[in-house]
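In: task: produce atomic coordinates for the following.
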Amino acid sequence: MKKILVLGGSGFVGRHLCEALNRRGIQVTVPTRRLPARSVQMLPFVTVVRANVHDAASLRALIAGHDAVVNLVAVLHGDEARFEQLHVTLPATVAQACLATGVRRLVHVSALGADLQGPSMYQRSKAQGERALQSLASAQGLALTLIRPSVIFGKDDAFINLFAKLQKVFPLMPLAGAHTRFQPVSVLDVARALVATLDNPATAGQVYELGGPEVLSLAQLVQHAGRWAGCERPILPLPHAVAYLQALAMEWAPGEPLMSRDNLASMQTDNVLSGRMPGLAELGLGQGESLRTAFPLS
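Out: I've put the predicted structure just below:
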């Protein structure tokens, strides 16, 4: 493939994907609502354009002339309407625009734990988006690959770094969902997995679950973040009722909340590989990088 459109290309995963494609000399187009997009616009093979990806006509114009589309657009917080717009309506609109312009290859990043019967709006909306895409792919011959990563970490993430910063400020870490288990995956491995799916036409029609080699509880992740930053604090696991009130209070704070009630609902289920789907190993990437390797203790 010579030219790829990356929706959400200026975000955390998108930056690393653009860098990986850039190293291979592949032309990448990254639409954004506002310019400049400094995170990727300095890469020599990346073209940043201002566009509204929620407009069907604009999407068709963007997609035309590309060999494939990667959709990374997602949110962690919001109400049902916002999740519906970004996780269901937008992916379906992207798929329809691909079909209308003759672009048959689409790679969509969903989420581990996507479930039509899941406890959170986030999980249900991710599953609804998958179902909409699979329906279009089955009916109209779209070469679709779904990627379901667990929580994604990296040197520039907003996950480990966030918990490290919080422990530099607060003497105690009251923690909701402390016992929920995750299988964190490196952003570098996610980017490599996306490139591998684009490289291999046989990945069309497949669903890949991406997780790293370690399964850790949220409390263990927070503990490691504190140790890595040299400011480990005691962790106070919160009972569900108290955690609910904490999340409700955080939703009223300005900006994106650190924790929402919907996030709390997601943590009713562990976020680990099911073992029923292919993953990093089947893409030729082995077990992937360990979080403890990426954030080593001194």
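In: number of nearby residues for the residue nearest to His87 when sequence neighbours are not counted?
Out: Sequence neighbours aside, Ser125 is the residue nearest to His87 in space, at 3.9 Å (criterion: CB to CB, 6 or more residues apart in numbering). Heads up, the C-betas are built off the backbone N, CA and C, glycines and all. Number of residues near Ser125 (other CB atoms under 10 Å) recorded here: 28.
In: what of Ala56?
Out: For Ala56, the count of nearby residues is 13 (other CB under 10 Å).
In: separation between it and Thr89?
Out: From Ala56 over to Thr89 the distance is 10 Å, taken as CB to CB, to the nearest Å.
In: looks to me like Cys231 is in a helix.
Out: No. Counting by DSSP: H, G, I helix; E, B strand; the rest coil, Cys231 is not found in a helix; it is coil.
In: I figured it hits Lys165, correct?
Out: No. Applying CB atoms under 8 Å as the test, Cys231 and Lys165 come out as separate, 9.2 Å apart.
In: can you pull out the helices in this structure?
Out: 12-23, 56-63, 80-84, 90-101, 121-140, 160-169, 187-199, 218-229, 240-251, 261-266, 291-294 (DSSP state H).
In: ok, now how distant is Ala56 from Thr101?
Out: Taken as CB to CB, the span from Ala56 to Thr101 is 11 Å.
In: cool, and Gly212?
Out: 36 Å.
In: list the residues that contact Val69.
Out: Contact criterion CB atoms under 8 Å, 6 or more residues apart in numbering gives Ile4, Leu5, Val6, Leu7, Ile63, Val94, Cys98, Val103, Arg105, Leu106, Val107 as the residues in contact with Val69.
In: now with 6 Å, please.
Out: Leu5, Ile63, Cys98, Leu106 (CB atoms under 6 Å, 6 or more residues apart in numbering).
In: those, buried ones only, as a ChimeraX selection?
Out: The ChimeraX selection below is limited to those of those classed as buried (16 or more other CB atoms under 10 Å):
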select :5,63,98,106
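In: quick one: Tyr226 and Pro234 touch, right?
Out: Tyr isn't right for residue 226; it's Gly. No. If you go by CB atoms under 6 Å, Gly226 and Pro234 don't touch, sitting 9.5 Å apart.
In: okay, the two: which has more neighbours?
Out: Comparing Gly226 with Pro234 by neighbour count (other CB under 10 Å), the higher total belongs to Gly226, at 21 against 11.
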